[in-house]
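Engineer: structure for the following, please:
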Amino acid sequence: MTPSAPAAGASAVSSEAARPIPPAPICPAESAHLEIPIQAGFIKPAVDFVLSYAAQLGLTEERRRSLRFAVGDAMAVVLERNVESPGVGGSVAIQVFRGEKGLGIRILNRGVPVFEDEAAARLERLRLQGASGPKVDGIVIENLGRDGQSLTLEVKLGIPQGEVLKTGTRPVVQVAGKELVIRALRPEEAPALSRLFHSVYGYDYIGDYVYYPERLRAMLEDGSLTSTVAEMAGGRLIGHVGLVRRASSPAVYEPCMGVVDPGVKSSGTFKRLFEVTMKRVAQTPMQYAFSDCVTNIDFSQRLVARYSGVDTALFVGSQSKETQAKLVKLGLGRDPEDMDRYSILYSVIPRVEHPFGAEVVLPGNLGEMLGFLLPSLGLDWAPAPRFNPLPRSGSFSARSESAQRSIYFELPEPGHQAVTAILEDWAQALKTGCQYAAVDVPLDPPGLGQVHDLLAAQGFFVSGFLPWRHSARLCVRFQATGPTRVAWDKIKVFSEQGQRLRDVIRADCERNQLL
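Structural biologist: Numbers count the residues shown, from 1 in each chain. Predicted coordinates for the structure are as follows:
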């Protein structure tokens with residue numbers, strides 16, 4: 001979660017330098033690259049670098065003089081936001097290139113993000129007409145997820161046409177006469193939410209969609225996301241909890257995207273946000289909600305338990321520490337030194353009597369191991385027939401999450417060949433540094449007991465039950481870890497059922513890894 005450290009000084013390098021630059025909006029034919037620390041004193045050298053390149057392209061002295069002010073203003077917009085937030089870290093790079101539209105000046109910002117709504121007036125100045133035309137012909141702000149953000153200035157090398165891109169205006173935030181206001185987030189405020197996530201996580205939050213205000217806005221507008229925020233006097237957002245619709249038939253929701261500025265720790269802000277979100281859960285027709293909580297602390301688990309959350313699975317070592325806010329940063333102590341990764345506790349919040357039906361069929365060994373989880377979901381279990389063979393072929397799908405160094409398999413049609421292929425893919429993933437694998441298998445297809453035996457023989461162990469693709473069906477997850485340290489006693493679980501589940505998973509893990 002710590003952004004890249006600033007470079008020690010400014011240095012000109014080629015575009016193939018050690019830090020890769022994502023593809024530019026305009027394909028450059030020729031380019032040069034400069035990286036600078038986040039310090040205002042480097043604005044002038046950066047501007048001189050751009051103008052030297054522009055001179056080689058034949059830009060007149062008069063236009064270069066006009067461009068000097070435009071590039072300086074653009075750099076100031078980026079750097080000033082970062083200087084106002086000491087300790088955030090990051091870096092700024094400038095790429096200049098000749099593309100199809102002329103000269104491109106691309107500022108790659110890995111520090112505090114800047115969006116058009118807050119810098120509209122400053123950016124508009126860059127397009128003002130002068131004696132030789134506009135200072136720049138176009139401005140493009142692009143969010144690059146974990147790679148940060150780019151601000152590109154376009155300058156036509158021929159007769160300028162004054163191509164202007166519209167900017168938004170900063171929304172006026174109404175604050176009641178209290179220091180802290182809990183309210184719903186408006187779609188046009190999506191950039192402020194992106195900035196809040198950056199201020200806490202840098203560019204390392206588990207879901208990189210939070211760095212794309214346009215995606216957040218679309219979710220808010222279509223109702224798939226309802227956001228509750230905490231706002232300080234003056235309009236600054238310091239906390240957020242979202243309610244995301246994960247499926248429509250049946251209706252399934254997830255309270256998630258919880259984030260609070262560490263500067264207001266121990267203020268009860270997150271608790272208040274979560275309470276408002278759970279009131280929305282109670283008022284919204286749905287089959288069930290679900291939640292996953294970190295286990296380095298049990299604070300959020302306690303909140304979920306207050307709203308009838310039922311612990312059904314534990315994903316051991318499934319997340320990189322880099323995509324979670326550190327306990328030290330949150331003011332909650334230190335992470336355990338003998339754990340390399342975080343484990344996630346999965347909980348279901350039933351909103352109907354039988355969200356997954358009334359009964360499931362399980363192989364005897366799985367039923368005896370995990371059957372205690374089912375009554376709290378309104379389920380009984382019956383043993384599967386002894387003659388329930390695993391088909392020969394089967395089918396599966398896989399997706400990898402590079403930021404988590406993990407791979408996830410789904411096995412909708414279990415079969416010998418499919419399981420063998422999964423194990424081969426996992427063995428290959430381990431060679432590339434993968435640290436976690438999960439295999440989700442629905443409970444109803446034949447051969448589940450044999451799938452369990454085949455996976456267990458290769459070190460996989462149970463995780464528990466979770467909904468199959470956010471539906472009214474359950475699946476069982478089998479999981480495996482790479483060469484990573486797991487301190488079982490440091491996995492904090494609040495509920496009695498969750499503690500029992502942790503102990504069952506630990507015993508299965510230790511048994512299977514000795515096979």
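Engineer: off-centre distance for stretch 53-69?
Structural biologist: Its chain's C-alpha centre lies 41 Å from the corresponding centre of stretch 53-69 when counted by Cα atoms, centre = their mean, to the nearest Å.
Engineer: just the buried residues of it, please?
Structural biologist: Within stretch 53-69, the residues that qualify as buried are 53-54, 59, 63-64, 66-68, counting by 16 or more other Cβ atoms under 10 Å. Using the backbone N, CA and C atoms, a C-beta is placed for each residue, glycine as well.
Engineer: how long is it end to end?
Structural biologist: Terminal residues of stretch 53-69 are spaced 16 Å apart (Cα to Cα, to the nearest Å).
Engineer: stretch 476-492 now?
Structural biologist: Start-to-end, stretch 476-492 (Cα to Cα) is 22 Å.
Engineer: so how far is that stretch from its chain's centroid?
Structural biologist: Between the centre of stretch 476-492 and the centre of its chain there are 21 Å (Cα atoms, centre = their mean).
Engineer: on that earlier part again, tell me the least confident of the buried residues of stretch 53-69?
Structural biologist: Among these, Leu59 carries the weakest pLDDT, at 75.
Engineer: so it belongs to a helix, correct?
Structural biologist: No: counting by DSSP: H, G, I helix; E, B strand; the rest coil, Leu59 falls outside a helix, being coil.
Engineer: nearest residue to Gln435 in space, please, no chain neighbours.
Structural biologist: Gly482 (4.0 Å; Cβ to Cβ, 6 or more residues apart in numbering).
Engineer: against Gly433, how distant is that neighbour?
Structural biologist: 8 Å (Cβ to Cβ, to the nearest Å).
Engineer: who's more crowded, those two?
Structural biologist: Legend: neighbour count by other Cβ atoms under 10 Å for Gly482 and Gly433, higher for Gly482 (17 against 10).
Engineer: so what's the more buried one up against?
Structural biologist: Listed by Cβ atoms under 8 Å, 6 or more residues apart in numbering, the contact set of Gly482 reads 405, 430, 433-436.
Engineer: which of these are buried?
Structural biologist: Buried residues within the contacts of Gly482, counting neighbours by 16+ other Cβ under 10 Å: 405, 430, 434-436.
Engineer: can you tell me the element Ser400 falls in?
Structural biologist: Per DSSP states H and E, Ser400 falls inside strand 395-401.
Engineer: model confidence over that strand, on average?
Structural biologist: In this model, strand 395-401 has an average pLDDT of 96.
Engineer: contacting residues around that strand?
Structural biologist: For strand 395-401, contacts defined as Cβ under 8 Å, 6+ apart pick out 406-413, 415, 418, 421-422, 425, 429, 434.
Engineer: can you check stretch 377-391 too?
Structural biologist: Residues contacting stretch 377-391 (Cβ under 8 Å, 6+ apart): 310, 312, 348, 350, 353-364, 367, 371, 374, 413-416, 419, 446-451, 465, 474.
Engineer: how distant is stretch 67-84 from the center of its chain?
Structural biologist: With Cα atoms, centre = their mean, you get 28 Å for stretch 67-84.
Engineer: over to stretch 364-375?
Structural biologist: Chain-centre distance of stretch 364-375: 33 Å, with Cα atoms, centre = their mean.
Engineer: I figured Met219 was touching Leu225, is that so?
Structural biologist: Yes: at 3.7 Å, Met219 and Leu225 qualify as touching, with contact defined as Cβ atoms under 8 Å.
Engineer: who touches both of the two?
Structural biologist: Shared contacts of Met219 and Leu225, defined by Cβ under 8 Å, 6+ apart, comprise Val244.
Engineer: and these two? Which one has more around it.
Structural biologist: Leu225 (23 against 19).
Engineer: my read: that one touches Val210, true?
Structural biologist: No: between Leu225 and Val210 there is no contact under Cβ under 8 Å: 10.6 Å.
Engineer: shared neighbours, the two?
Structural biologist: Contact with both Leu225 and Val210 is made by residues Leu216, according to Cβ under 8 Å, 6+ apart.
Engineer: which residues sit in contact with Val451?
Structural biologist: Val451 sits next to 390, 411, 414, 419, 439, 441, 478 when contact means Cβ under 8 Å, 6+ apart.
Engineer: now with 7 Å, please.
Structural biologist: Val451 sits next to 390, 411, 414, 419, 441 when contact means Cβ atoms under 7 Å, 6 or more residues apart in numbering.
Engineer: that one belongs to a strand?
Structural biologist: No: Val451 is assigned helix when assessed by three-state DSSP, not a strand.
Engineer: and Leu193, helix, strand or coil?
Structural biologist: Leu193 is classified as helix under three-state DSSP.
Engineer: ok, it to Leu225 distance?
Structural biologist: Taken as Cβ to Cβ, the span from Leu193 to Leu225 is 10 Å.
Engineer: between these two, what contacts are shared?
Structural biologist: Leu216.
Engineer: helix or strand: which one has Ile94?
Structural biologist: strand 92-99.
Engineer: wait, Glu154 sits on Lys135?
Structural biologist: No: counting by Cβ atoms under 7 Å, Glu154 does not reach Lys135; the two are 11.1 Å apart.
Engineer: settle it for me: which of those two has more neighbours?
Structural biologist: Higher neighbour count among Glu154 and Lys135: Lys135, with 24 against 20, using other Cβ under 10 Å.
Engineer: excluding chain neighbours, what is closest to that one?
Structural biologist: Excluding its sequence neighbours, the residue lying closest to Lys135 (Cβ to Cβ, 6+ apart) is Ala70, at 3.9 Å.
Engineer: excluding sequence neighbours, find me the nearest residue to His452.
Structural biologist: Leu366 (6.1 Å).
Engineer: how close does that neighbour get to His470?
Structural biologist: Counting by Cβ to Cβ - Leu366 and His470 are separated by 22 Å.
Engineer: same question for Glu353.
Structural biologist: Distance, Glu353 to His470, by Cβ to Cβ: 19 Å.
Engineer: so between the two, which is more surrounded?
Structural biologist: His470 (19 against 7).
Engineer: look up how far Gly415 lies from the more buried one.
Structural biologist: For His470, the distance to Gly415 - Cβ to Cβ - is 24 Å.
Engineer: quick one: the strands in the stretch 351-500 of the chain, in order.
Structural biologist: 359-362, 380-383, 395-401, 406-413, 436-442, 461-467, 474-481 (DSSP state E, counting those that start in this stretch).
Engineer: identify whichever of the ones you listed lies nearest to Val281.
Structural biologist: Across the strands of the stretch 351-500 of the chain, Val281 has its closest neighbour in strand 461-467 (15.9 Å, Cβ to Cβ).
Engineer: what's that closest one in contact with?
Structural biologist: Everything outside strand 461-467 that qualifies as a contact, by Cβ under 7 Å, 6+ apart, is 290, 312-315, 346, 369-370, 373, 438, 474-479, 501, 505, 508-509, 512.
Engineer: avg pLDDT for it?
Structural biologist: pLDDT averaged over strand 461-467 gives 98.
Engineer: in helices, which of the contacts of Gly482 appear?
Structural biologist: Judged by DSSP state H, the subset of the contacts of Gly482 located in helices is Leu430.
Engineer: now do the strands in the stretch 1-150 of the chain.
Structural biologist: According to DSSP E, counting those that start in this stretch, the strands that the stretch 1-150 of the chain contains are 11-13, 30-36, 92-99, 102-109, 129-130, 133-134, 138-143, 149-155.
Engineer: and the ones you listed, which one's lowest on average pLDDT?
Structural biologist: In terms of average pLDDT, strand 11-13 trails the rest of these, at a mean of 30.
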